[in-house]
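J.: Sequence first, predicted coordinates after that:
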Amino acid sequence: MKKLYLIVITFIVLIGCENDARFMHDRDKIGKNIRMEQGKVYKIQKGDQIEKISENPQLKIDSNLTSGESSVTLLSGEASIIRGGSGE
C-alpha cells in the first residue's frame, strides 16, 4: 500500500512540475520584444502588437479564417513584435 501511495504522489508531483514549466515558458513570452527581420514570417496572436522602429515600415499580414492563424512579414523598414501573452 505504501508503494502505491508513493507512486501516486510521485506521478502527481511530476505532472505538476511539467505544467509549471509550460506556464513559465508562456509567461516569459509576455511583453517580449522581437526585432523583426525582413522577409521572415512571424506567427502572431491576439494581444501581440507591432511597434514601428523606422518611419514607414511595410508589412504583409496574412490571416487564415479557417484555422484562425495569422502571420506578419516585414517587407521593408524596421519593426518589432511585442508579445501580448495569449500564447504561441
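T.: Thanks, I have it. Numbers count the residues shown, from 1 in each chain.

J.: Now tell me what touches stretch 54-63 from outside.
T.: Residues outside stretch 54-63 that contact it (Cβ atoms under 8 Å, 6 or more residues apart in numbering): 44, 50, 69-79. C-beta coordinates here come from the backbone N, C-alpha and C atoms, glycine included.

J.: mind running it again at 6 Å?
T.: Residues outside stretch 54-63 that contact it (Cβ atoms under 6 Å, 6 or more residues apart in numbering): S70, S71, V72, T73, L75, S76, G77, E78, A79.

J.: And the pLDDT for the fourth one?
T.: In other words, T73. Looking at T73, its pLDDT is 94.

J.: do the same with E69
T.: 90.

J.: count of neighbours near it?
T.: As a burial measure, E69 scores 12 neighbours (other Cβ atoms under 10 Å).

J.: Give me the nearest residue to it, chain neighbours excluded.
T.: Nearest non-adjacent residue to E69, counting by Cβ to Cβ, 6 or more residues apart in numbering: K43, 6.7 Å away.

J.: shouldn't that neighbour be in contact with S71?
T.: Yes: with contacts counted by Cβ atoms under 6 Å, K43 reaches S71, the gap being 5.4 Å.

J.: for the helix or strand hosting L59, which positions count as buried?
T.: Under the criterion of DSSP states H and E, L59 resides in strand 58-63. Residues of strand 58-63 classed as buried: none (neighbour count, 16 or more other Cβ atoms under 10 Å).

J.: List the neighbouring strands of it plus their orientation.
T.: Here strand 58-63 is paired, per DSSP bridges, with strand 70-76 (antiparallel).
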